[in-house]
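Enquirer: Sequence and computational prediction follow.
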Amino acid sequence: MNFPAIWAIYLYEMKRFFRTLMESLLSPVISTSLYFVVFGTAIGSRIDEVEGVSYGAFIVPGLIMLSVMTQAISNASFGIYFPKFIGTIFELLSAPVNFLEIVLGYVGAAATKALLIGVVILITAQFFVDIQIMHPGAMLAFLLLTCISFSLFGFIIGIWADNFQQLQLIPLLVITPLVFLGGAFYSISMLPESWQTIALFNPVVYLVSGFRWSFFGVADVGVGWSLLAIAGFTAICMGIVWWIFKTGYRIKS
């Protein structure tokens, strides 16, 4: 394993993040505050509690998941697409590093950035609501797995994309709607029975539910199913990344 190469890629990507540190951290703080003002005030005034949890606190895991998923995808996809765009990816492919080391560098950096954003949102939420984390170990595990899996997914998008517009296509048209429809700001038990069944086909439901369980001990689906869903998604993404480097899909042409 070429650890200096992994560290070089990781450090390069992290330096790009720290060059815009204020913008990177200020944006989620403002967004989180707005969500609490809009959802906490407008909806929270009508809904006191959801499954025994105050509505303001109930939406915190969903807010974190929404930001972590989108940030992980955005950072990973841009990180690998930019070398494709300017042509330096060929220098990387000709260097004495294998695909695993390349992936560890880019995905590790993207996952770290998403994790930092998640922590910032959690700290920001403390100023609005009182949050008690019942299972901190499980919370950290779900957060890390989500950062890694969606960074892998973003890496795939960056390889697939032909232009900068396509980098935003899937996050905006697929991920964000799935999060909003996946119980991020409500419990799916509040839906009609037929829609509850439909919601179970949304993979984000399992991620949000498991993450919320780690906070409050309540979940829409079993925690085991949540872990299986995130582990399965991670395995699928790893398999696709392996296939990309094996075939040279959109990186050797």
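Expert: Thanks, I have it.
Enquirer: all strands for the stretch 51-200 of the chain, in order.
Expert: 53-54 (DSSP state E, counting those that start in this stretch).
Enquirer: so where is it shaky, pLDDT-wise?
Expert: Nowhere does the stretch 51-200 of the chain drop to pLDDT under 70.
Enquirer: how about the helices of it, start to end?
Expert: Counting by DSSP state H, counting those that start in this stretch, the stretch 51-200 of the chain has helices at residues 55-58, 60-86, 89-94, 99-125, 136-160, 164-170, 176-180, 193-199.
Enquirer: So which of those helices is nearest I240?
Expert: In terms of CB to CB, the element of the helices of the stretch 51-200 of the chain nearest to I240 is helix 136-160, at 5.5 Å. C-beta here means a position set from N, CA and C on the backbone, and glycine is covered the same way.
Enquirer: tell me the angle of the closest one relative to helix 99-125?
Expert: Per axes from the mean of the first three to the mean of the last three CA atoms, to 10 degrees, the angle that helix 136-160 makes with helix 99-125 is 130 degrees.
Enquirer: Counting neighbours, which bits of helix 136-160 end up buried?
Expert: Within helix 136-160, the residues that qualify as buried are 138-139, 141-143, 145-160, counting by 16 or more other CB atoms under 10 Å.
Enquirer: May I have stretch 242-253 as PDB, with CA atoms only?
Expert: What follows is stretch 242-253, C-alpha atoms only, in PDB (Å, rounded to 0.1, in the frame of the first residue of the first chain):
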ATOM      1  CA  TRP A 242     -13.800  -1.600  -8.900                       C
ATOM      2  CA  TRP A 243     -15.500  -2.200 -12.300                       C
ATOM      3  CA  ILE A 244     -14.800   1.400 -13.400                       C
ATOM      4  CA  PHE A 245     -11.000   1.000 -12.900                       C
ATOM      5  CA  LYS A 246     -11.000  -2.500 -14.300                       C
ATOM      6  CA  THR A 247     -12.600  -1.500 -17.500                       C
ATOM      7  CA  GLY A 248     -11.300   2.100 -17.700                       C
ATOM      8  CA  TYR A 249     -14.900   3.400 -18.100                       C
ATOM      9  CA  ARG A 250     -14.600   7.200 -18.900                       C
ATOM     10  CA  ILE A 251     -11.100   7.500 -17.500                       C
ATOM     11  CA  LYS A 252      -8.900   6.100 -20.200                       C
ATOM     12  CA  SER A 253     -10.600   7.500 -23.300                       C
END
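Enquirer: mind checking how far the closest residue in space to I131 that isn't next to it in sequence is from Q165?
Expert: Counting by CB to CB, 6 or more residues apart in numbering, I131 lies nearest to A57, which is 5.6 Å off, once chain neighbours are set aside. Separation of A57 from Q165 (CB to CB, to the nearest Å): 37 Å.
Enquirer: more crowded one of these two?
Expert: A57 (21 against 8; other CB atoms under 10 Å).
Enquirer: pretty sure that one is touching I133, no?
Expert: No - using CB atoms under 8 Å, A57 is not in contact with I133; the gap is 10.7 Å.
Enquirer: Give the intersection of the neighbour lists for these two.
Expert: F215 (CB atoms under 8 Å, 6 or more residues apart in numbering).
Enquirer: Could you give the average pLDDT over whichever helix or strand I30 is part of?
Expert: For I30, the element it lies in under DSSP states H and E is helix 21-35. Mean pLDDT, computed over helix 21-35, is 76.
Enquirer: Give me the contact list for that helix.
Expert: So helix 21-35 is contacted by 17, 59, 63, 67, 71, 113, 116-117, 120-121, 124-125, 128 (CB under 8 Å, 6+ apart).
Enquirer: try stretch 225-242
Expert: With contact meaning CB under 8 Å, 6+ apart, stretch 225-242 is reached by 99, 103, 142, 145-146, 148-149, 152-153, 155-156, 203, 206-207, 209-211, 213, 219.
Enquirer: switch to 6 Å and redo it
Expert: Taking contacts as CB atoms under 6 Å, 6 or more residues apart in numbering, the residues outside stretch 225-242 that touch it are V103, L145, S149, L152, F153, I156, P203, Y206, L207, S209, G210.
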